[in-house]
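[1] 3D, please:
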Amino acid sequence: MHRGRIAAALAERLPDFQDVILTRTVSGAYDVTPDFHPVLGWAPGIEGLYLALGFSGHGLKLSPGIGECVASVVLDKPMPFDITALRLERFAEHEPMFLAYGPSARA
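    Predicted coordinates for the structure are as follows:
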């Protein structure tokens, strides 16, 4: 019987799962922006569409603060944080954010 890649990796890491049969798997896109920071803001030219995307691997840990910001914007309440730097237009304006590590790190 041919074992799938995921089942084989699981069995290698957890030998007690050697005989487990996977019935289904789920995966998702790993989205990332050019500067590795998310985009938050209204979509230009699309009425009523608010963007919260490009979190790469940071979405889970940022979700409480991001949720609070998005809810504030959509409900027209005061913003709890300044998210101006996360605007989509930063790329067209040549103002990407920089990281302390990774490809956009400053030397």
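[2] ok, Leu88 - contacts?
    For Leu88, the contact set (C-beta atoms under 8 Å, 6 or more residues apart in numbering) comprises 39, 41, 43-44, 51. Every residue, glycine included, has its C-beta placed from N, CA and C.
[3] Without its sequence neighbours, what residue ends up closest to Leu10?
    Phe17 (5.2 Å; C-beta to C-beta, 6 or more residues apart in numbering).
[4] looking at this protein, which helix or strand is least sure?
    Lowest on mean pLDDT, DSSP states H and E among the helices and strands of the chain sits helix 5-13, with a mean of 82.
[5] buried subset of the contacts of Leu88?
    The neighbour count (16 or more other C-beta atoms under 10 Å) marks 39, 41, 51 as buried among those.
[6] Check for me that the second one belongs to a helix.
    No - assignment of Gly41 by DSSP: H, G, I helix; E, B strand; the rest coil gives strand, placing it outside any helix.
[7] Give me the nearest residue to it, chain neighbours excluded.
    Nearest to Gly41 is Arg87, by C-beta to C-beta, 6+ apart, at 4.7 Å.
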